[in-house]
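Asks: Build me a model:
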Amino acid sequence: MTTDALSLVFGALADPTRRAILASLSSGERSVKEIAKPFKISLPAITKHLKVLEKSGLITRSREAQWRPCQLQAEPMKDAVDWLQHYRRHWEESFDRLDDYLKELQAKEKKHDRNKK
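Replies: Residues are numbered from 1 along each chain as shown. Just a heads-up that it's a prediction; the model follows:
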C-alpha cells in the first residue's frame, strides 16, 4: 500500500517530538546530536523520528564526514496548509452564520425584555 505525500506530512506532524524537532530546525541546520540534546529520549529514538521526517520530505539529511546535518524542508507543509485552508473557509463561514444567529437571538431577547417592562 502506498501512502500519499500529504498523509506522510500529517503523520509526521502528528507527533509532538517531531514538531519540536522541526521547530529547532527552523532556525538552521543542526546535527543529530544537537537535535537530540533537549530531549529525554535515546539517540536511536531521535533517529527514528528523523527518518519519519525525512520520508515525509520535511527534512533532508546529509553526511559530511562524521557529521550528519539535518535541514528543514518546509515545502511539503505548504501542501498541508493549502489542504487545511479549504476547511478554514468552511469553519469561518460556519462561525459567521453562528454569529449572525446569536445576534438575531440577542435582538429578539432585547425586544422581549422591552415588551415585558
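Asks: Report the central residue of this protein.
Replies: Centroid check for the chain by C-alpha atoms, centre = their mean gives Leu13 as the closest residue, at 5.4 Å.
Asks: Please name every helix or strand in contact with the helix-or-strand element of the chain with minimal mean pLDDT.
Replies: Every helix and strand of the chain was ranked by mean pLDDT, DSSP states H and E. The lowest is helix 75-116, at a mean of 85. Where contact means 3 or more C-beta pairs under 8 Å, 6 or more residues apart in numbering; DSSP states H and E, helix 75-116 is packed against helix 5-13. Just so you know, the C-beta spots here come from the backbone N, C-alpha and C atoms, and that holds for glycine as well.
Asks: Check which element follows the helix it packs on along the chain.
Replies: Following helix 5-13 in sequence order, the next helix or strand is helix 16-25 (DSSP states H and E).
Asks: distance between that next one and the chain's centre?
Replies: Counting by C-alpha atoms, centre = their mean, to the nearest Å, helix 16-25 is centred 10 Å from the centre of its parent chain.
Asks: counting contacts, what elements does the very next helix or strand once past it pack onto?
Replies: Counting by DSSP H and E, the next helix or strand C-terminal to helix 16-25 is strand 30-31. Contact here means 3+ C-beta pairs under 8 Å, 6+ apart; on that basis strand 30-31 packs against strand 69-72.
Asks: what are the pairing partners of the strand it packs on, and which direction each?
Replies: Strand pairing for strand 69-72, determined by DSSP bridges: strand 30-31 (antiparallel), strand 59-61 (antiparallel).
Asks: Now do the first one: everything it contacts.
Replies: In other words, strand 30-31. Residues lying outside strand 30-31 but in contact with it, judged by C-beta atoms under 8 Å, 6 or more residues apart in numbering, are 24, 67-70.
Asks: Can you select the buried ones from these in PyMOL?
Replies: Buried residues within these, by 16 or more other C-beta atoms under 10 Å, are selected in PyMOL with:
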select buried, resi 24+68+69+70
